[in-house]
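Chemist: Next comes the sequence, and after it the predicted model I'd like to discuss.
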Amino acid sequence: MKLILATSLLSLLTPVQSLNNGLGLSPQMGWASWNDCASQVTSSRIKNATLALINTGLAAKGYEYVNIDEGWLKGRSSNGDITVIDEKFPEGMKALGDFIHDHRLKYGLYTSRGTVQCSTAQYNATGSQDYEVQDANWLVSQGMDYLKEDSCGGGPNNPTDAFTDYATMRDALNATGRSVFFSLCGWYTWYAPSGDSLGNSWRISGDGTNWGALTQSINANVELGKYARPGAWNDPDLLVGTGIGSNRGEDKCFDGDTEIPQSSDWYMTNDEQSRAQFTMWCIMSSPLIISANLNQVSEYALETWGNEEAIAVNQHFRTYPEGTSVEDEIYQGIRIFGDDMEYDKSTDKGSGVNVWAKPLEEGKWALVFLNNEDEVGDVTCDSECFEQLYDLDAGVKYTVRDLWEHEDEEEELVADEEGKFEYTAEGLARTGGVKMILLTPVD
Ligand code: GLA
(Lines give C-alpha, C1' and ligand atoms only; values in the text may rest on other atoms or scores of the structure.)
Protein backbone atom coordinates (compact mmCIF):
# COMPACT_ATOMS: atom_id res chain seq x y z
CA MET A 1 0.00 0.00 0.00
CA LYS A 2 2.76 2.38 1.01
CA LEU A 3 4.63 1.48 -2.13
CA ILE A 4 1.62 2.09 -4.36
CA LEU A 5 1.05 5.46 -2.72
CA ALA A 6 4.68 6.41 -3.14
CA THR A 7 4.61 5.41 -6.80
CA SER A 8 1.46 7.32 -7.62
CA LEU A 9 2.75 10.37 -5.75
CA LEU A 10 5.92 10.18 -7.75
CA SER A 11 4.05 9.99 -11.02
CA LEU A 12 2.12 13.11 -10.02
CA LEU A 13 5.33 14.96 -9.29
CA THR A 14 7.20 13.81 -12.39
CA PRO A 15 5.67 15.20 -15.57
CA VAL A 16 5.57 12.72 -18.45
CA GLN A 17 8.62 13.55 -20.50
CA SER A 18 7.63 13.04 -24.07
CA LEU A 19 7.03 14.88 -27.26
CA ASN A 20 3.44 13.78 -27.44
CA ASN A 21 2.77 15.32 -30.84
CA GLY A 22 0.95 12.42 -32.46
CA LEU A 23 3.34 12.45 -35.45
CA GLY A 24 5.46 9.77 -37.06
CA LEU A 25 3.04 6.93 -36.41
CA SER A 26 4.78 5.38 -39.42
CA PRO A 27 8.35 6.30 -40.38
CA GLN A 28 8.56 9.76 -41.94
CA MET A 29 8.88 10.09 -45.72
CA GLY A 30 10.15 13.01 -47.74
CA TRP A 31 13.13 14.78 -49.24
CA ALA A 32 16.07 16.65 -47.69
CA SER A 33 18.49 19.07 -49.28
CA TRP A 34 21.76 17.97 -47.70
CA ASN A 35 23.10 15.35 -50.16
CA ASP A 36 21.89 17.42 -53.08
CA CYS A 37 23.41 20.78 -52.39
CA ALA A 38 24.94 20.85 -48.94
CA SER A 39 25.16 24.46 -47.75
CA GLN A 40 24.61 25.85 -51.26
CA VAL A 41 20.89 25.34 -50.85
CA THR A 42 18.67 28.19 -52.09
CA SER A 43 14.96 28.85 -52.12
CA SER A 44 14.73 28.31 -55.88
CA ARG A 45 16.34 24.89 -55.48
CA ILE A 46 13.86 24.03 -52.74
CA LYS A 47 10.99 25.05 -54.99
CA ASN A 48 12.38 22.89 -57.79
CA ALA A 49 12.69 19.98 -55.40
CA THR A 50 9.10 20.49 -54.26
CA LEU A 51 7.87 20.40 -57.85
CA ALA A 52 10.08 17.41 -58.66
CA LEU A 53 8.64 15.44 -55.75
CA ILE A 54 5.22 16.02 -57.27
CA ASN A 55 6.19 15.51 -60.94
CA THR A 56 8.02 12.25 -60.28
CA GLY A 57 4.91 10.91 -58.56
CA LEU A 58 6.82 10.38 -55.31
CA ALA A 59 4.71 12.87 -53.33
CA ALA A 60 1.58 10.91 -54.19
CA LYS A 61 3.29 7.81 -52.81
CA GLY A 62 3.78 9.38 -49.39
CA TYR A 63 6.97 11.46 -49.63
CA GLU A 64 5.51 14.49 -47.90
CA TYR A 65 8.25 16.45 -46.12
CA VAL A 66 10.48 18.96 -47.90
CA ASN A 67 13.34 19.47 -45.47
CA ILE A 68 15.87 22.26 -45.76
CA ASP A 69 19.08 21.19 -44.11
CA GLU A 70 21.95 23.43 -43.15
CA GLY A 71 22.68 26.56 -45.17
CA TRP A 72 19.71 28.93 -44.78
CA LEU A 73 20.23 30.38 -41.32
CA LYS A 74 22.56 33.32 -40.90
CA GLY A 75 22.68 34.52 -37.33
CA ARG A 76 20.63 36.54 -34.87
CA SER A 77 19.17 40.02 -34.90
CA SER A 78 19.67 42.35 -31.94
CA ASN A 79 16.60 40.89 -30.22
CA GLY A 80 17.93 37.36 -30.67
CA ASP A 81 15.59 36.26 -33.46
CA ILE A 82 16.98 34.02 -36.18
CA THR A 83 18.08 35.81 -39.34
CA VAL A 84 18.21 34.28 -42.80
CA ILE A 85 20.77 34.46 -45.61
CA ASP A 86 18.83 36.91 -47.77
CA GLU A 87 20.77 36.35 -50.99
CA LYS A 88 19.77 32.71 -51.02
CA PHE A 89 16.28 33.06 -49.59
CA PRO A 90 15.17 36.51 -50.80
CA GLU A 91 11.47 36.02 -50.09
CA GLY A 92 12.13 34.74 -46.56
CA MET A 93 11.36 31.43 -44.93
CA LYS A 94 7.66 32.01 -44.32
CA ALA A 95 6.97 32.55 -48.03
CA LEU A 96 8.93 29.42 -48.88
CA GLY A 97 6.91 27.46 -46.34
CA ASP A 98 3.73 28.84 -47.90
CA PHE A 99 4.91 27.63 -51.32
CA ILE A 100 5.47 24.12 -49.96
CA HIS A 101 2.13 24.12 -48.15
CA ASP A 102 0.36 25.39 -51.28
CA HIS A 103 1.64 22.22 -52.95
CA ARG A 104 0.14 20.15 -50.14
CA LEU A 105 3.53 19.15 -48.78
CA LYS A 106 5.11 19.75 -45.39
CA TYR A 107 7.92 22.07 -44.43
CA GLY A 108 11.10 21.01 -42.63
CA LEU A 109 13.75 23.30 -41.17
CA TYR A 110 17.10 22.74 -39.51
CA THR A 111 19.09 23.94 -36.55
CA SER A 112 21.80 22.55 -34.31
CA ARG A 113 22.08 22.17 -30.58
CA GLY A 114 25.03 24.05 -29.14
CA THR A 115 26.34 27.39 -30.26
CA VAL A 116 27.16 26.82 -33.94
CA GLN A 117 26.01 24.67 -36.83
CA CYS A 118 28.12 22.12 -38.64
CA SER A 119 29.68 23.53 -41.77
CA THR A 120 28.46 27.05 -42.31
CA ALA A 121 31.12 28.84 -40.33
CA GLN A 122 31.37 31.16 -43.32
CA TYR A 123 27.89 32.44 -42.47
CA ASN A 124 28.46 32.50 -38.70
CA ALA A 125 25.39 30.34 -38.47
CA THR A 126 24.21 30.08 -34.94
CA GLY A 127 23.08 27.08 -32.94
CA SER A 128 20.01 27.04 -30.70
CA GLN A 129 21.76 26.75 -27.33
CA ASP A 130 19.93 28.95 -24.78
CA TYR A 131 17.59 30.18 -27.52
CA GLU A 132 15.43 27.08 -27.73
CA VAL A 133 12.15 28.78 -26.81
CA GLN A 134 12.76 31.79 -29.02
CA ASP A 135 13.88 29.60 -31.92
CA ALA A 136 10.98 27.17 -31.61
CA ASN A 137 8.53 30.09 -31.66
CA TRP A 138 10.25 31.78 -34.58
CA LEU A 139 10.49 28.57 -36.62
CA VAL A 140 6.84 27.77 -36.00
CA SER A 141 5.91 31.32 -37.05
CA GLN A 142 7.46 30.47 -40.45
CA GLY A 143 5.14 27.48 -40.82
CA MET A 144 7.57 24.72 -39.81
CA ASP A 145 6.18 21.18 -39.62
CA TYR A 146 9.46 19.30 -39.04
CA LEU A 147 12.66 20.20 -37.23
CA LYS A 148 15.99 18.45 -37.64
CA GLU A 149 18.31 19.43 -34.81
CA ASP A 150 21.93 18.56 -35.48
CA SER A 151 24.65 18.14 -32.86
CA CYS A 152 27.66 19.91 -34.27
CA GLY A 153 28.15 22.84 -31.93
CA GLY A 154 26.88 20.90 -28.96
CA GLY A 155 30.11 20.69 -27.01
CA PRO A 156 30.90 17.32 -25.49
CA ASN A 157 28.89 14.64 -27.21
CA ASN A 158 27.70 12.62 -24.27
CA PRO A 159 24.22 11.49 -23.24
CA THR A 160 23.91 13.92 -20.32
CA ASP A 161 24.54 17.06 -22.36
CA ALA A 162 22.81 15.85 -25.48
CA PHE A 163 19.64 14.71 -23.72
CA THR A 164 19.42 17.98 -21.77
CA ASP A 165 19.69 20.02 -24.96
CA TYR A 166 17.20 17.90 -26.87
CA ALA A 167 14.73 17.83 -23.98
CA THR A 168 14.89 21.63 -23.85
CA MET A 169 14.03 21.88 -27.54
CA ARG A 170 11.36 19.18 -27.21
CA ASP A 171 9.65 21.16 -24.45
CA ALA A 172 9.98 24.39 -26.42
CA LEU A 173 8.33 22.74 -29.43
CA ASN A 174 5.57 21.31 -27.25
CA ALA A 175 4.94 24.75 -25.81
CA THR A 176 4.35 26.28 -29.24
CA GLY A 177 1.12 24.33 -29.54
CA ARG A 178 1.96 23.27 -33.12
CA SER A 179 2.67 19.60 -33.85
CA VAL A 180 6.22 19.57 -35.17
CA PHE A 181 7.98 16.34 -36.11
CA PHE A 182 11.23 16.38 -34.11
CA SER A 183 14.22 14.67 -35.74
CA LEU A 184 17.33 14.29 -33.56
CA CYS A 185 20.69 14.14 -35.30
CA GLY A 186 23.37 12.89 -32.92
CA TRP A 187 25.02 9.91 -34.70
CA TYR A 188 25.31 7.47 -31.78
CA THR A 189 23.44 4.29 -30.87
CA TRP A 190 23.15 5.48 -27.26
CA TYR A 191 20.33 7.77 -28.32
CA ALA A 192 18.04 4.82 -29.04
CA PRO A 193 17.02 3.77 -25.48
CA SER A 194 15.93 7.35 -24.68
CA GLY A 195 14.93 8.34 -28.20
CA ASP A 196 11.19 7.99 -27.83
CA SER A 197 11.10 10.36 -24.85
CA LEU A 198 12.96 13.06 -26.79
CA GLY A 199 11.87 13.04 -30.41
CA ASN A 200 10.16 11.21 -33.25
CA SER A 201 13.40 9.86 -34.70
CA TRP A 202 17.07 9.86 -33.82
CA ARG A 203 20.16 9.29 -35.92
CA ILE A 204 22.08 6.18 -34.88
CA SER A 205 25.21 6.57 -37.02
CA GLY A 206 27.39 9.02 -38.95
CA ASP A 207 26.58 10.41 -42.37
CA GLY A 208 25.58 7.60 -44.73
CA THR A 209 27.04 8.89 -47.94
CA ASN A 210 28.15 5.66 -49.59
CA TRP A 211 27.60 1.92 -49.26
CA GLY A 212 30.56 1.50 -46.88
CA ALA A 213 29.04 3.95 -44.39
CA LEU A 214 25.54 2.58 -44.96
CA THR A 215 26.53 -1.01 -44.16
CA GLN A 216 27.81 0.34 -40.83
CA SER A 217 24.42 1.98 -40.23
CA ILE A 218 22.71 -1.36 -40.91
CA ASN A 219 25.09 -3.15 -38.53
CA ALA A 220 24.42 -0.52 -35.86
CA ASN A 221 20.68 -0.98 -36.23
CA VAL A 222 20.73 -4.72 -35.47
CA GLU A 223 20.51 -4.24 -31.71
CA LEU A 224 18.17 -1.24 -31.77
CA GLY A 225 14.94 -2.70 -33.12
CA LYS A 226 13.35 -2.89 -29.69
CA TYR A 227 13.42 0.90 -29.35
CA ALA A 228 11.42 1.57 -32.53
CA ARG A 229 7.68 2.05 -32.22
CA PRO A 230 4.94 4.22 -33.71
CA GLY A 231 5.99 7.83 -33.14
CA ALA A 232 9.64 6.91 -32.51
CA TRP A 233 12.11 5.54 -35.07
CA ASN A 234 15.79 4.71 -35.42
CA ASP A 235 17.30 6.84 -38.19
CA PRO A 236 20.22 5.35 -40.16
CA ASP A 237 20.34 8.49 -42.40
CA LEU A 238 19.26 9.68 -45.83
CA LEU A 239 18.50 7.70 -49.00
CA VAL A 240 21.30 7.87 -51.57
CA GLY A 241 20.55 7.12 -55.22
CA THR A 242 22.58 6.85 -58.40
CA GLY A 243 23.00 9.19 -61.36
CA ILE A 244 24.69 12.57 -61.32
CA GLY A 245 21.97 13.99 -59.06
CA SER A 246 23.16 11.65 -56.33
CA ASN A 247 26.88 12.14 -56.60
CA ARG A 248 27.60 15.61 -55.42
CA GLY A 249 31.11 16.96 -55.08
CA GLU A 250 32.17 18.55 -51.83
CA ASP A 251 29.81 21.36 -50.94
CA LYS A 252 28.45 21.76 -54.46
CA CYS A 253 25.11 21.47 -56.19
CA PHE A 254 24.14 20.49 -59.67
CA ASP A 255 23.45 23.38 -62.00
CA GLY A 256 21.54 22.56 -65.12
CA ASP A 257 23.37 19.80 -66.90
CA THR A 258 26.73 20.38 -65.28
CA GLU A 259 28.25 17.18 -64.09
CA ILE A 260 30.29 17.66 -60.97
CA PRO A 261 33.25 15.32 -60.58
CA GLN A 262 32.43 12.60 -58.13
CA SER A 263 33.94 13.28 -54.73
CA SER A 264 35.80 10.53 -52.93
CA ASP A 265 33.00 10.14 -50.43
CA TRP A 266 29.56 11.02 -51.75
CA TYR A 267 28.47 8.23 -54.04
CA MET A 268 27.02 4.79 -54.56
CA THR A 269 29.20 2.67 -56.79
CA ASN A 270 26.34 0.82 -58.39
CA ASP A 271 22.56 0.67 -58.72
CA GLU A 272 22.36 -2.47 -56.60
CA GLN A 273 23.71 -0.70 -53.56
CA SER A 274 21.15 2.06 -53.81
CA ARG A 275 18.35 -0.51 -54.13
CA ALA A 276 19.85 -2.55 -51.30
CA GLN A 277 19.82 0.55 -49.10
CA PHE A 278 16.17 1.28 -49.89
CA THR A 279 15.15 -2.33 -49.37
CA MET A 280 16.91 -2.45 -46.02
CA TRP A 281 15.42 0.91 -45.00
CA CYS A 282 11.99 -0.53 -45.77
CA ILE A 283 12.44 -3.67 -43.67
CA MET A 284 14.15 -1.70 -40.87
CA SER A 285 11.23 0.76 -40.66
CA SER A 286 13.70 3.58 -41.24
CA PRO A 287 12.79 7.12 -42.25
CA LEU A 288 12.51 7.31 -46.05
CA ILE A 289 14.05 10.71 -46.73
CA ILE A 290 15.48 11.01 -50.25
CA SER A 291 18.45 13.31 -50.56
CA ALA A 292 19.45 13.93 -54.17
CA ASN A 293 18.53 16.15 -57.08
CA LEU A 294 15.38 14.42 -58.29
CA ASN A 295 15.72 15.99 -61.73
CA GLN A 296 19.09 14.37 -62.27
CA VAL A 297 19.00 11.00 -60.56
CA SER A 298 18.83 7.79 -62.57
CA GLU A 299 15.52 6.27 -63.68
CA TYR A 300 16.56 3.26 -61.64
CA ALA A 301 16.73 5.36 -58.47
CA LEU A 302 13.28 6.83 -59.10
CA GLU A 303 11.83 3.40 -59.74
CA THR A 304 13.52 2.13 -56.58
CA TRP A 305 12.15 4.85 -54.29
CA GLY A 306 8.75 4.61 -55.95
CA ASN A 307 8.15 0.90 -55.26
CA GLU A 308 4.84 1.02 -53.42
CA GLU A 309 4.99 -2.60 -52.31
CA ALA A 310 8.33 -1.91 -50.65
CA ILE A 311 7.05 1.35 -49.16
CA ALA A 312 4.12 -0.59 -47.67
CA VAL A 313 6.59 -2.85 -45.85
CA ASN A 314 8.17 0.27 -44.37
CA GLN A 315 4.94 1.96 -43.36
CA HIS A 316 2.96 -1.02 -42.06
CA PHE A 317 3.42 -3.21 -39.04
CA ARG A 318 1.59 -5.75 -36.99
CA THR A 319 -0.84 -4.47 -34.40
CA TYR A 320 -0.57 -6.16 -31.04
CA PRO A 321 -3.40 -6.92 -28.64
CA GLU A 322 -3.61 -4.71 -25.59
CA GLY A 323 -1.54 -6.12 -22.77
CA THR A 324 1.28 -7.38 -25.03
CA SER A 325 4.55 -6.59 -23.30
CA VAL A 326 6.69 -3.94 -24.94
CA GLU A 327 9.47 -6.47 -25.65
CA ASP A 328 7.10 -8.58 -27.71
CA GLU A 329 5.93 -5.73 -29.90
CA ILE A 330 8.17 -5.70 -32.98
CA TYR A 331 7.86 -2.69 -35.28
CA GLN A 332 11.27 -2.76 -36.93
CA GLY A 333 12.64 -5.73 -38.89
CA ILE A 334 15.06 -8.07 -37.16
CA ARG A 335 18.18 -9.74 -38.54
CA ILE A 336 17.45 -13.47 -38.54
CA PHE A 337 20.60 -14.65 -40.27
CA GLY A 338 24.12 -13.37 -40.89
CA ASP A 339 26.73 -11.14 -39.34
CA ASP A 340 27.81 -7.55 -39.71
CA MET A 341 28.60 -6.44 -43.25
CA GLU A 342 31.56 -4.45 -44.50
CA TYR A 343 32.29 -2.60 -47.72
CA ASP A 344 35.51 -0.85 -48.64
CA LYS A 345 34.85 1.74 -51.31
CA SER A 346 38.52 2.15 -52.24
CA THR A 347 38.92 -1.51 -53.20
CA ASP A 348 35.23 -2.24 -54.04
CA LYS A 349 35.35 -5.28 -51.77
CA GLY A 350 32.48 -6.38 -49.58
CA SER A 351 31.64 -9.12 -47.12
CA GLY A 352 28.67 -10.57 -45.29
CA VAL A 353 25.22 -11.92 -46.11
CA ASN A 354 22.08 -11.00 -44.16
CA VAL A 355 18.47 -12.12 -43.91
CA TRP A 356 16.03 -9.75 -42.18
CA ALA A 357 12.34 -10.17 -41.37
CA LYS A 358 9.50 -7.87 -40.32
CA PRO A 359 6.11 -9.03 -39.01
CA LEU A 360 3.16 -7.44 -40.84
CA GLU A 361 -0.61 -7.46 -40.46
CA GLU A 362 -2.69 -10.65 -40.67
CA GLY A 363 0.14 -13.09 -40.12
CA LYS A 364 2.21 -11.79 -43.05
CA TRP A 365 5.98 -11.49 -42.96
CA ALA A 366 8.36 -9.52 -45.19
CA LEU A 367 11.85 -10.98 -45.69
CA VAL A 368 14.97 -9.43 -47.19
CA PHE A 369 17.93 -11.44 -48.49
CA LEU A 370 21.10 -9.42 -49.00
CA ASN A 371 24.35 -10.59 -50.58
CA ASN A 372 27.28 -8.33 -49.80
CA GLU A 373 30.03 -10.76 -50.79
CA ASP A 374 32.33 -10.12 -53.77
CA GLU A 375 30.74 -12.80 -55.94
CA VAL A 376 27.22 -13.35 -57.20
CA GLY A 377 25.64 -15.86 -54.80
CA ASP A 378 22.64 -17.54 -53.18
CA VAL A 379 21.40 -16.59 -49.71
CA THR A 380 19.43 -19.13 -47.68
CA CYS A 381 17.17 -18.80 -44.67
CA ASP A 382 17.28 -22.31 -43.19
CA SER A 383 15.01 -23.84 -40.54
CA GLU A 384 16.91 -22.21 -37.68
CA CYS A 385 16.59 -18.87 -39.40
CA PHE A 386 12.85 -19.40 -39.96
CA GLU A 387 12.29 -20.37 -36.32
CA GLN A 388 12.65 -16.69 -35.43
CA LEU A 389 9.46 -15.92 -37.33
CA TYR A 390 7.58 -16.64 -34.14
CA ASP A 391 4.10 -17.26 -35.53
CA LEU A 392 4.86 -18.94 -38.84
CA ASP A 393 2.47 -21.87 -38.95
CA ALA A 394 3.73 -25.23 -40.24
CA GLY A 395 0.14 -26.22 -40.96
CA VAL A 396 -0.37 -23.31 -43.35
CA LYS A 397 0.90 -22.54 -46.87
CA TYR A 398 2.32 -19.13 -47.68
CA THR A 399 2.33 -17.38 -51.03
CA VAL A 400 5.72 -15.89 -51.86
CA ARG A 401 5.55 -12.53 -53.59
CA ASP A 402 8.71 -10.97 -55.01
CA LEU A 403 8.38 -7.28 -54.17
CA TRP A 404 10.86 -6.14 -56.83
CA GLU A 405 9.51 -8.36 -59.62
CA HIS A 406 5.96 -7.56 -58.48
CA GLU A 407 4.77 -11.11 -58.97
CA ASP A 408 3.93 -14.18 -56.95
CA GLU A 409 6.37 -17.05 -57.28
CA GLU A 410 4.97 -20.31 -58.64
CA GLU A 411 5.81 -22.31 -55.56
CA GLU A 412 4.24 -21.57 -52.22
CA LEU A 413 6.30 -21.83 -49.07
CA VAL A 414 5.34 -24.99 -47.18
CA ALA A 415 6.90 -26.73 -44.21
CA ASP A 416 8.58 -30.13 -44.68
CA GLU A 417 7.43 -33.31 -42.86
CA GLU A 418 9.19 -32.16 -39.71
CA GLY A 419 7.39 -28.84 -39.81
CA LYS A 420 10.48 -26.90 -40.89
CA PHE A 421 10.73 -24.11 -43.47
CA GLU A 422 13.60 -23.17 -45.77
CA TYR A 423 13.95 -20.63 -48.60
CA THR A 424 16.84 -19.68 -50.88
CA ALA A 425 17.18 -16.44 -52.81
CA GLU A 426 19.23 -17.38 -55.86
CA GLY A 427 21.83 -15.52 -57.86
CA LEU A 428 21.97 -12.26 -55.93
CA ALA A 429 24.37 -9.65 -57.35
CA ARG A 430 27.68 -8.98 -55.59
CA THR A 431 28.16 -6.22 -52.96
CA GLY A 432 24.53 -5.23 -52.59
CA GLY A 433 22.38 -7.83 -54.38
CA VAL A 434 18.98 -7.97 -52.77
CA LYS A 435 15.65 -9.80 -52.85
CA MET A 436 12.54 -8.90 -50.86
CA ILE A 437 9.61 -11.26 -50.49
CA LEU A 438 6.25 -11.10 -48.80
CA LEU A 439 4.85 -14.25 -47.19
CA THR A 440 1.07 -14.31 -46.96
CA PRO A 441 -0.78 -17.19 -45.27
CA VAL A 442 -3.26 -18.93 -47.58
CA ASP A 443 -6.56 -19.60 -45.83
C1 GLA B 1 25.88 16.66 -40.04
C2 GLA B 1 24.60 15.82 -40.23
C3 GLA B 1 24.19 15.84 -41.68
C4 GLA B 1 23.97 17.26 -42.16
C5 GLA B 1 25.24 18.08 -41.89
C6 GLA B 1 25.05 19.56 -42.11
O7 GLA B 1 26.95 16.08 -40.68
O8 GLA B 1 24.82 14.51 -39.80
O9 GLA B 1 23.01 15.07 -41.88
O10 GLA B 1 22.87 17.82 -41.51
O11 GLA B 1 25.67 17.94 -40.53
O12 GLA B 1 26.26 20.22 -41.98
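Modeler: That came through, no problem. All values derive from a computational prediction rather than experimental measurement.

Chemist: Not counting sequence-adjacent ones, nearest residue to Lys47?
Modeler: If the residues on either side of it in the chain are set aside, Lys47 comes closest to Phe99, at 5.9 Å by C-beta to C-beta, 6 or more residues apart in numbering. (C-beta placed from N, C-alpha, C; glycine too.)

Chemist: Counting neighbours, what do you get for that neighbour?
Modeler: 19 (other C-beta atoms under 10 Å).

Chemist: got it, and Arg335?
Modeler: Neighbour tally, Arg335, other C-beta under 10 Å: 23.

Chemist: what about it, which SS state?
Modeler: strand (DSSP: H, G, I helix; E, B strand; the rest coil).

Chemist: Touching, it and Trp356? I think so.
Modeler: Yes: contact criterion C-beta atoms under 8 Å: Arg335 and Trp356 qualify, at 5.3 Å.

Chemist: For my notes, confirm the residue nearest to Lys47 occurs in a helix.
Modeler: Yes: assigned with three-state DSSP, Phe99 falls within a helix.

Chemist: Please report the distance of it from the ligand.
Modeler: 22 Å (C-beta to the nearest ligand atom, to the nearest Å).

Chemist: for the ligand, what are the nearby residues on the chain?
Modeler: Proximity of the chain to the ligand (C-beta under 6 Å from any ligand atom) is limited to residues 34, 69-70, 118-119, 150, 152, 185, 207.

Chemist: Among those residues, which ones are in strands?
Modeler: Judged by DSSP state E, strands contain the following of those: 150, 152.

Chemist: Reformat the residues of the chain next to the ligand as CSV; add neighbour count and distance to Ile437.
Modeler: Converted to CSV, these look like this (neighbours: other C-beta atoms under 10 Å; distance: C-beta to C-beta, whole Å):
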residue, neighbour count, distance to Ile437
Trp34, 24, 33
Asp69, 24, 35
Glu70, 22, 39
Cys118, 22, 40
Ser119, 15, 41
Asp150, 24, 37
Cys152, 18, 41
Cys185, 23, 33
Asp207, 18, 31
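
Chemist: In terms of pLDDT, where does Ile1 sit?
Modeler: You called it Ile, but residue 1 is Met. Met1 is assigned a predicted lDDT (pLDDT) of 39.

Chemist: Where does the protein get nearest to the ligand, which residue?
Modeler: Cys118 (3.1 Å; C-beta to the nearest ligand atom).

Chemist: So for the residue nearest to Lys47, what pLDDT did the model give?
Modeler: 98.

Chemist: what's the answer for Glu327, then?
Modeler: In this prediction Glu327 is given a pLDDT of 83.

Chemist: again, but for Trp202
Modeler: 98.

Chemist: what helices or strands is the helix or strand where it lies leaning on?
Modeler: Assigned by DSSP states H and E, Trp202 belongs to strand 201-203. In terms of contacts (3 or more C-beta pairs under 8 Å, 6 or more residues apart in numbering; DSSP states H and E), strand 201-203 is packed against strand 181-184, helix 192-198, strand 233-235.

Chemist: Out of the ones you listed, which is the most enclosed?
Modeler: For the helices and strands packed on strand 201-203, the largest average neighbour count (mean count of other C-beta atoms under 10 Å) is found in strand 233-235, namely a mean of 29.

Chemist: Tell me the helices and strands packed up against whichever helix or strand comes after that one.
Modeler: Using DSSP H and E, the helix or strand that follows strand 233-235 towards the C-terminus is helix 271-283. Other helices and strands packing on helix 271-283, by 3+ C-beta pairs under 8 Å, 6+ apart, are helix 211-221, strand 288-290, helix 299-305, helix 308-315, strand 353-359, strand 365-371, strand 433-441.

Chemist: Let me have these in JSON lines, adding mean neighbour count, distance to Thr399 and mean pLDDT as columns.
Modeler: Output for the helices and strands packed on helix 271-283, formatted as JSON lines (neighbours: other C-beta atoms under 10 Å; distance: least, C-beta to C-beta, whole Å; pLDDT from 0 to 100):
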{"stretch": "helix 211-221", "mean neighbour count": "23", "distance to Thr399": "28", "mean pLDDT": "97"}
{"stretch": "strand 288-290", "mean neighbour count": "27", "distance to Thr399": "26", "mean pLDDT": "98"}
{"stretch": "helix 299-305", "mean neighbour count": "19", "distance to Thr399": "24", "mean pLDDT": "96"}
{"stretch": "helix 308-315", "mean neighbour count": "19", "distance to Thr399": "13", "mean pLDDT": "98"}
{"stretch": "strand 353-359", "mean neighbour count": "24", "distance to Thr399": "16", "mean pLDDT": "98"}
{"stretch": "strand 365-371", "mean neighbour count": "26", "distance to Thr399": "12", "mean pLDDT": "98"}
{"stretch": "strand 433-441", "mean neighbour count": "22", "distance to Thr399": "5", "mean pLDDT": "98"}
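
Chemist: And the ones you listed: which comes nearest Glu132?
Modeler: Among these, strand 288-290 comes nearest to Glu132, with 23.6 Å by C-beta to C-beta.

Chemist: Give me the helices and strands touching that closest one, please.
Modeler: strand 29-32, helix 271-283.

Chemist: which residue is nearest the middle of the chain?
Modeler: Pro287 (2.4 Å; C-alpha atoms, centre = their mean).

Chemist: Contact partners for that residue?
Modeler: 27-29, 183, 201, 233, 235, 281 (C-beta atoms under 8 Å, 6 or more residues apart in numbering).

Chemist: Before I go, just wanted to say thanks for your time.
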